[in-house]
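A.B. asks: any chance you could fold what I've pasted below:
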Amino acid sequence: MKKNSGLFFGLPCWKVGTVLLVFCAFTTVSRADVVVDNTGTSAFSYSGLPLAQVFTMSGTSGNLSSLTLELNVLTAGSAEVDLYSVTAGHVPNSLIASLGTVSGGTFGDGQLIAVSSLFNQALTANTEYAIVLQPSSPGVVEWDNISSAASGGTGALGLAYFNSSGWSTVPDGNYFQMNLQTTPVPEVPITGVVMGFGALAIALVHTLRCKLHPAFHSSIA
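C.D. replies: Numbering: from 1, shown residues only. Here you go, the predicted structure:
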């Protein structure tokens with residue numbers, strides 16, 4: 001009786017091995033990168049309509065995966081959170097995307113509130129952006145700020161702004177507080193590309209050999 005030790009789920013073992021090799025070669029691991037994190041003890045809070053914090057993306061492009069703002073909630077309500085482009089003069093320029101909203105259920109200062117229904121926006125490496133907070137009405141929330149420019153991540157903080165008939169830097173020169181994280185865009189290492197195409201080449205050569213030499217195919221079946 002002919003043994004099927006060379007088969008796995010109906011496929012020759014060499015084919016299974018090739019498939020697994022290709023899969024492993026092109027598999028990448030995603031991780032969350034903290035781009036900016038200056039949350040913690042704050043000295044001041046600032047209100048305005050709207051407010052903006054400029055930041056520079058890290059050296060790796062990624063998709064926005066998490067955004068939390070440190071706020072002083074004054075009254076029930078919500079605020080829209082947007083992503084803006086930045087001019088060469090480091091000033092917020094135009095809307096790129098609406099990211100979601102923040103809503104405070106508890107009144108008080110120093111609240112870390114995550115942006116709900118966060119839009120998974122792509123961010124380009126080494127590019128300046130601005131996170132813009134736009135309350136539904138004045139006096140809903142204030143954005144906590146701190147004097148230190150330390151970002152605690154792979155990116156860097158720029159200036160903070162308020163908008164009153166145009167963007168102006170906040171008078172105290174502080175930085176609005178937030179935690180912004182991204183998931184890097186998957187990239188296949190060059191070694192993985194070589195392994196993957198090498199495995200596909202092996203499979204192609206074996207298939208052509210079997211078609212050209214049926215006797216060889218039957219001898220290894």
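A.B. asks: so what touches stretch 137-144?
C.D. replies: Stretch 137-144 is contacted by residues 42, 44-49, 51, 53, 69-79, 102, 104, 109-110, 133, 135, 176-177 when judged by C-beta atoms under 8 Å, 6 or more residues apart in numbering. All C-beta atoms are positioned from the backbone trio N, CA, C, and that covers glycine.
A.B. asks: of those residues, keep whichever come out buried.
C.D. replies: Neighbour-count burial (16 or more other C-beta atoms under 10 Å) is assigned, among the contacts of stretch 137-144, to 42, 45-46, 48-49, 51, 53, 69-74, 78-79, 102, 104, 133, 135, 176-177.
A.B. asks: which ones among these map onto strands?
C.D. replies: Judged by DSSP state E, strands contain the following of the buried ones among the contacts of stretch 137-144: 45-46, 51, 53, 69-73, 78-79, 102, 133, 135, 176.
A.B. asks: am I right that residue 79 is in contact with residue 102?
C.D. replies: Yes: contact status for residue 79 versus residue 102: in contact at 5.3 Å, counting by C-beta atoms under 8 Å.
A.B. asks: mutual contacts of those two, please.
C.D. replies: Counting by C-beta under 8 Å, 6+ apart, the residues touching both residue 79 and residue 102 are 133, 141.
A.B. asks: next SSE after the worst-scoring helix or strand of the chain on mean pLDDT?
C.D. replies: Using mean pLDDT, DSSP states H and E, the weakest-scoring helix or strand in the chain turns out to be helix 13-25, at a mean of 44. Once the chain leaves helix 13-25, the next helix or strand it forms, by DSSP states H and E, is strand 33-37.
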